[in-house]
Every structure is written in C-alpha cells, then in structure tokens.
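**Student:** Compute the structure for the input listed below.
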Amino acid sequence: MNRKTLSILSYVTIIGWIVAFVKSKDLTPKSDLVTYHLKQGFGIFLVSLAVNIILSVVITTVTSLYFLSYIGYAIFILWIFGIINAANEQKKPIPVIGKIFEDKFGFID
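**Tutor:** Residues are numbered from 1 along each chain as shown. Model prediction:
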C-alpha cells in the first residue's frame, strides 16, 4: 500500500487504523504523512469513544438532554475533514481538536 492509502485508512474504523499502523512499519523510508494521520485518526477515535460514553450516560440519566446527541454529527464532520486532508496528502490538523494530538501517542512514531 502507498502512503496516501495508509493515511486515508487510518481514519476508517479502529480496524482500518490497526491495518494502517501495521503496514506503516513496512514502509521504507518511514513516512511522516502516515505517522501524522495515524496520530490524528487515533485521537479522533478516542475523542469519539469518550464523547459517546459520556453522552450515553447523560442522555440515559436526563432524557430531556437528548439534543446533545447531535454532537455525534460534529465529530463525523471532523472525521471527514481528516479523510480529506489525508486524501490531499496534507499534514493539516483536524479542526478544533487536531492540534492536541500532534505531539501525543509516542508509540506511533
């Protein structure tokens, strides 16, 4: 797989991320683009997981706050931005939350 494909795959579910992570170890020379998008993809996965857990608890407890479930659409839009950046082979962070993940997840390097 080439680096563009691996970059896009790093956003497509956690299984796609694992495949991209394993295949990125085979790339010679190591691709900064793939590493960058692996970090961004893993970050958005963790954010969406945390938000979904928190919203499930809050909405189950206080049903009148059901409108908070629309936050999931915002995360979906951020995910789309990540895929577009990967497809264009750009190292741009995901809006709003992407800067947080640029220097995190040292195990990906």
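
**Student:** So which bits of the helix ranked longest in the chain are buried?
**Tutor:** Longest helix in the chain, counting residues (DSSP state H): helix 32-61. Judged by neighbour count using 16 or more other Cβ atoms under 10 Å, the buried positions of helix 32-61 are 33-45, 47-48, 55. In short, each C-beta sits where N, CA and C put it, glycine included.

**Student:** Can you name the element that comes right after it?
**Tutor:** Downstream of helix 32-61, the first helix or strand assigned by DSSP states H and E is helix 71-87.

**Student:** C-alpha coordinates for that next one, CSV please?
**Tutor:** Only the C-alpha atoms of helix 71-87 are listed here, as CSV (Å, rounded to 0.1, in the frame of the first residue of the first chain):
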residue,chain,number,x,y,z
ILE,A,71,-22.6,16.2,18.9
GLY,A,72,-22.0,13.0,17.1
TYR,A,73,-22.6,14.8,13.8
ALA,A,74,-19.9,17.3,14.7
ILE,A,75,-17.4,14.5,15.3
PHE,A,76,-18.5,12.9,12.0
ILE,A,77,-17.7,16.2,10.2
LEU,A,78,-14.3,16.4,11.9
TRP,A,79,-13.6,12.8,10.7
ILE,A,80,-14.5,13.8,7.2
PHE,A,81,-12.0,16.7,7.4
GLY,A,82,-9.3,14.3,8.4
ILE,A,83,-10.0,12.0,5.5
ILE,A,84,-10.0,14.9,3.1
ASN,A,85,-6.6,16.1,4.4
ALA,A,86,-5.2,12.5,4.1
ALA,A,87,-6.6,12.2,0.5
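
**Student:** Report the distance from it to the chain centre.
**Tutor:** In terms of Cα atoms, centre = their mean, to the nearest Å, the centre of helix 71-87 is set 8 Å apart from its chain centre.

**Student:** tell me the mean pLDDT for it?
**Tutor:** What helix 71-87 shows for mean pLDDT is 93.

**Student:** now this protein, which segments are flagged as low pLDDT?
**Tutor:** Counting by pLDDT under 70, the chain contains no low-confidence residues.
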